[in-house]
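*Asks:* Got a predicted structure plus its sequence, pasted below:
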Amino acid sequence: MKPTRAPQTPGKKIPSRNNSKEKMVIKDPVEVFCRIRPVSVTDDGYIKVIDERTVQLATPDSSIGNKGTYKEIQYTFSRVFAEESEQKEVFDRVSLPLVENFLKGQNNLLFTYGVTGSGKTFTMTGTPKDPGILPRCLDVIFNSISGCQARKFTFIPDGMNGFDVQSDDAAREQEIKAGVADRTNRTRMDFPKTPRKRMAQWETASRMTENTRVSISDEDFVYSVFVTYVEIYNNSVYDLLDERADGLTKLKIVREGANRIMYVNGVQEVEVSSANEAFEVFCRGMKRKTIAQTNLNAESSRSHAIFSIRLVKAPYDSNGEEVLQNKESISVSQLSLVDLAGSERANRSQAKGQNLCEAGNINNSLLTLRKCFEMLRENQMNAGNGAPKMVPFRDSRLTYLFKSFFDGEGKVRMIVCVNPNPDDYEETLHVMKFAEMSQEVQVKRCLPTPRRPDVNFTPGRRRANQIFKEAAKRIEESGATQGESIPFDLNLVYSLGIPIDNTPLTDPNNEELIRSVMMVLESRVAKRRCLQQQFKSQIDQVRSSVVALEKDNISLKQENSSLRATIDQERSGRSLLEQKLVQSESQLVSIRLNLQGEREEKARLISRLEDLEMKLNQRKADTERTKLRMQEKLVNEKDKLERDMKTRFLAEQSNLKLENDLKEEKLRRVRHIVDNLDKNTPCRPTGRMTRLAAAKSEAELSSTSSNARSAATPNPKRGPAVSNQRHRRSRSAGGNERWLDHRPQTQSSKFLELQTIFQPNMPKRKSVSKLTDPKDVTDPATSKYCLTTQEQDSDGGLETKLYKGDVHPTVGGGAQVVLTDVEVLKQTSPTNPNVSPSRKRSANGNGKENGRLLPDELLSIVDPISCKCKDNTKLPRPSVTCLWLFDPLSEVESIFSRGDSQINDGHSAACYVISFNGQLIFCVLG
Ligand SMILES: Nc1ncnc2c1ncn2[C@@H]1O[C@H](COP(=O)(O)OP(=O)(O)OP(=O)(O)O)[C@@H](O)[C@H]1O
């Protein structure tokens, strides 16, 4: 028989089969059938049957809205069953050939596939009035083997997917025992846990039976039927026929048998002797099957249900008396009917919690099924181009259980169920695509077993034995033999016809005799001819099977040698790979060692770095501390130095004063001498002169002793009285500081004289009348600020105020001015008669009010020696510009005034009017 090709979608390539190795193995494609479920909605059916093999899917209006485009896609299958198709039609076309194969001793797999609610369970099980594939299969099987069935318990499952055979007597004994046990058990089993609508109908209504019968050639065999029913739920296999309540014991594992057939280990295999009994067992399992109510199906299968029927057969012995007691002579075939759970999208089924988890597992296992098909097809297309890729059968229990079918241990057929409901359109597209692709998968054909254990036995011996026994029984009943046993005579099977009459063949002219001999001979000739024909046909059969065997043998030998070559190649490849692995491992070890070394080195470096960082931090802290100490020391030294300088300065000043006093005294005495020259009276030093001289010697003494004290032991608590640095008015104190000289142009100051003889000492300056540009202040070169304002009072006197301050840069990049000093310069109008040089002095005449200086008299310290008149003009007399020299520490107070410009020629101060204790003294310094 030639393999039938899978129908191909136009444009799709048929896998190349030029490979010589491929030619040797006969392969059959997976046959796929499509069944369309009838729906009540008729307005927008998106499925149209084009012919009996083609179906067309057109995008429904609802999906156009979502996806945009309208398209029509055609799919071709082995056969398309339209909505109105009957269960019988589907069975005859799809399942009957599988049943025939099954009865001939081959394995078969049929599964229904599709979206949830598309009619898979209906197609597989049907209803009592319109049974589906499964009950019909059972009917046909038992119709066909009726009369050849073995006594129950003739075959006993060995627990490893095989069977043992036992004698008729042993089987009878066990049957009696089991009958008793079965009756006790039955009462317990017949109550379903959950009444279900689908099951209820089977229990109440009588089932319509299928009458088809397939003729079996092996009449000298006995048959037994065993069924198993398992479900794959959440990727675990459960035995649906296990009566025990414990869920764990129902959990089974999938194993590979010695004959490479996959099976569920430890599953309950129930022997059935009729279709009804078998269906009853199926119903029992159905009650335990996991179903649930979803949005899309009131009784939706949540598991893949696998009902397997196994046909066990063995030949009769040579006398047709009893089953041959040899395990080797047993042959087993299997028909697996699989009702797959439907694929579903959670958003459509609204599945939640456990249902959602179930849906996930269902979709995963179906995805694995698809992947296996895809990989099988890819391997077939790339056959001969390298080693085939591994098919992921093990990824799911479902595919693992059916692995042997795809490995060539049986025939595979699939029914794709589709629901024309437009809501199913998207999912149906995926299903159709997969189904069409599946047809390209080719499965190795399972050849009928060439081994005939009964090859030496007489055909028809069983029936002959039966007839003989019946005849012998009747004879015994009639009392003819009287207890004598009649031995079975196998020659009866080969009798050439009626025996020749006992009349002696003596008279050749006896017409009657000749006619009777002629009749016998004719019958014998006819019988012989018949036997010869039978013999010839048997010889032909044997020859053809020998030829087939020889062919198989040759092809197997070739396959064997090519497999050996492949194995050798793989072995050498493997040894190469092993070598590489060893090398890689040694490299890995050395890399690991290196890595370890690097890690240790890194740890060492890190710890060293940490040490160094610690030391660095310590050193920084030390440096910081030293810096602070040094700064402190510097400040102290500076203070000390300033104090010393101040003391010296004051000492020098008082010396000078005393010298001046002395000179004045001398001058007075000279005058006095001159005045008294005429009078010729001796001149005595005045008391004042004495006092001055005493003061000088005292000042000198104190200066010397102070210097000596400071040189010997510095007294940090109380040094000599020095002027506050902040109030230092010396021009030399200016240094290199740059001043921002701010002289606002107010309305009044425009007309006032600013060029007084006493000018602030600002060697470097930038003069502005308005502070509009912030850069003037923020300029890093500017460190001092001076604001000059002027006011004129009603007497015509001028008051000039100099607000001095330090410019400090701020963090934000600006600058702030801290005013540290105010200098007030007063000029009195010479025309004002009320003004006297001591006007600004305090009431007690020493510049103090109750011993304190008046604030407006805190004037800047200006070195009188460097006082210059800028334009060298002559100052009007008695114009007196007074400066109050104020030292807050020593509280020494003086008035320096610019005297006669003729005496003071402008380059140095030569003449001073000194107010000392309210007296004005002219001093002329050399
Ligand atoms: N060909 C058909 N004729 C009449 N009724 C059908 C047909 N196919 C399906 N149905 C009905 O549709 C409903 C759903 O069918 P069924 O339970 O067989 O779907 P399913 O594919 O097995 O769903 P799930 O995967 O969820 O188990 C049932 O009520 C069934 O009777």
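*Replies:* Perfect, I can see it now.
*Asks:* need the residues of this structure near the ligand, please.
*Replies:* Contact residues, the chain versus the ligand (Cβ under 6 Å from any ligand atom): 37-38, 114, 116-122, 297, 299-301, 341-342, 417. The C-beta positions use only the backbone N, C-alpha and C, and glycine is treated the same way.
*Asks:* out of those, which are inside helices?
*Replies:* Judged by DSSP state H, the residues of the chain next to the ligand include Lys120, Thr121, Phe122 as members of helices.
*Asks:* how close does the second one get to Thr112?
*Replies:* Just to be clear, that refers to Thr121. Distance of Thr121 to Thr112, given as Cβ to Cβ, to the nearest Å: 8 Å.
*Asks:* With the first one instead?
*Replies:* Taken as Cβ to Cβ, the spacing of Lys120 relative to Thr112 amounts to 4 Å.
*Asks:* ok, Gly126 touching Lys120?
*Replies:* No - using Cβ atoms under 8 Å as the test, Gly126 is too far from Lys120 to be in contact (11.5 Å).
*Asks:* picking up where we left off before, could the ones in helices among the residues of the chain next to the ligand be laid out in CSV, adding neighbour count and pLDDT?
*Replies:* Formatted as CSV, those follow (neighbours: other Cβ atoms under 10 Å; pLDDT from 0 to 100):
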residue, neighbour count, pLDDT
Lys120, 27, 91
Thr121, 25, 90
Phe122, 19, 93
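*Asks:* of all these, which comes closest to Gly814?
*Replies:* Nearest to Gly814 among those is Lys120, at 84.7 Å by Cβ to Cβ.
*Asks:* Show me where the stretch 151-300 of the chain has its strands.
*Replies:* 155-157, 163-165, 221-233, 236-239, 251-256, 262-265, 270-272, 291-292, 300-301 (DSSP state E, counting those that start in this stretch).
*Asks:* Where does pLDDT dip in the stretch 551-700 of the chain?
*Replies:* Under the criterion pLDDT under 70, the flagged ranges of the stretch 551-700 of the chain are 677-700.
*Asks:* In the stretch 101-250 of the chain, where is pLDDT below threshold?
*Replies:* For the stretch 101-250 of the chain (pLDDT under 70), the answer is 180-200, 204-205, 245-250.
*Asks:* Now it against the ligand: closest residue?
*Replies:* Of the stretch 101-250 of the chain, the residue with the smallest distance to the ligand, taken as Cβ to the nearest ligand atom, is Gly119 at 2.7 Å.
*Asks:* Need the overlap of contacts for Thr121 and Thr112.
*Replies:* Shared contacts of Thr121 and Thr112 (Cβ atoms under 8 Å, 6 or more residues apart in numbering): Asp339.
*Asks:* Now do the end-to-end distance for stretch 343-359.
*Replies:* End-to-end span of stretch 343-359 (Cα to Cα, to the nearest Å): 7 Å.
*Asks:* Which single residue in the stretch 251-400 of the chain comes nearest to the ligand?
*Replies:* Closest residue of the stretch 251-400 of the chain to the ligand, Cβ to the nearest ligand atom: Gly342 (2.6 Å).
*Asks:* excluding its backbone neighbours, what's nearest that residue?
*Replies:* Nearest residue to Gly342 in three dimensions, chain neighbours excluded: Thr116, at 3.1 Å (Cβ to Cβ, 6 or more residues apart in numbering).
*Asks:* Parallel or antiparallel, which strands does the strand or helix carrying Leu740 pair with?
*Replies:* Assigned by DSSP states H and E, Leu740 belongs to strand 738-742. Here strand 738-742 has these sheet partners by DSSP bridges: strand 764-768 (parallel), strand 782-792 (parallel).
*Asks:* ranking those strands by burial, who's on top?
*Replies:* The densest packing among those, expressed as mean neighbour count by mean count of other Cβ atoms under 10 Å, is seen in strand 782-792 with a mean of 19.
*Asks:* now what about that one, what contacts it?
*Replies:* Under Cβ under 8 Å, 6+ apart, the answer for strand 782-792 is 737-744, 746, 748-749, 752, 754, 760, 762, 766, 776-777, 798-807, 815, 817, 819.
*Asks:* Can you show me the helices along the stretch 701-850 of the chain?
*Replies:* Counting by DSSP state H, counting those that start in this stretch, the stretch 701-850 of the chain has helices at residues 775-778.
*Asks:* State which one residue of it is found closest to the ligand.
*Replies:* Closest point on the stretch 701-850 of the chain to the ligand, by Cβ to the nearest ligand atom, is Gly812, at 75.0 Å.
*Asks:* Please apply the same query to the stretch 401-550 of the chain.
*Replies:* Of all residues in the stretch 401-550 of the chain, Cys417 sits closest to the ligand, at 5.7 Å by Cβ to the nearest ligand atom.
*Asks:* Which positions in stretch 305-318 come out as buried?
*Replies:* Residues of stretch 305-318 classed as buried by neighbour count (16 or more other Cβ atoms under 10 Å): 305-317.
*Asks:* Out of these, which comes closest to Leu605?
*Replies:* Ile306 (65.2 Å).
*Asks:* How is that closest one assigned, secondary-structure-wise?
*Replies:* Following DSSP: H, G, I helix; E, B strand; the rest coil, Ile306 is assigned to strand.
*Asks:* residues contacting it?
*Replies:* By Cβ under 8 Å, 6+ apart, the residues touching Ile306 are Thr228, Tyr229, Val230, Glu231, Ile232, Ser336, Leu337, Val338, Leu401.
*Asks:* what number of residues lie near Asn101?
*Replies:* Neighbours of Asn101 under the rule other Cβ atoms under 10 Å: 19.
*Asks:* which one is it nearest to, not counting chain neighbours?
*Replies:* Of all residues not flanking Asn101 in the chain, Asn108 sits nearest, at 5.5 Å (Cβ to Cβ, 6+ apart).
*Asks:* partners of the one you found in the sheet?
*Replies:* Assessed by DSSP bridges, Asn108 has beta-bridge partners Leu335, Lys411.
*Asks:* wouldn't it be in contact with Val94 here?
*Replies:* No - using Cβ under 8 Å, Asn108 is not in contact with Val94, being 10.8 Å away.
*Asks:* Give me the common contacts of these two.
*Replies:* Contact with both Asn108 and Val94 is made by residues Arg413, according to Cβ under 8 Å, 6+ apart.
*Asks:* Packing partners of the helix or strand that Leu650 is a member of?
*Replies:* Leu650 belongs to helix 511-677 when assigned by DSSP H and E. The elements that helix 511-677 packs onto, with contact taken as 3 or more Cβ pairs under 8 Å, 6 or more residues apart in numbering; DSSP states H and E, are helix 20-24, helix 687-712, strand 919-924.
*Asks:* run the last query once more with 10 Å
*Replies:* Applying 3 or more Cβ pairs under 10 Å, 6 or more residues apart in numbering; DSSP states H and E, one finds that helix 511-677 contacts helix 20-24, helix 687-712, strand 911-916, strand 919-924.
*Asks:* just checking, next helix/strand downstream of the first one?
*Replies:* When you say that, I think you mean helix 20-24. Later in the chain than helix 20-24, the nearest helix or strand by DSSP H and E is strand 27-29.
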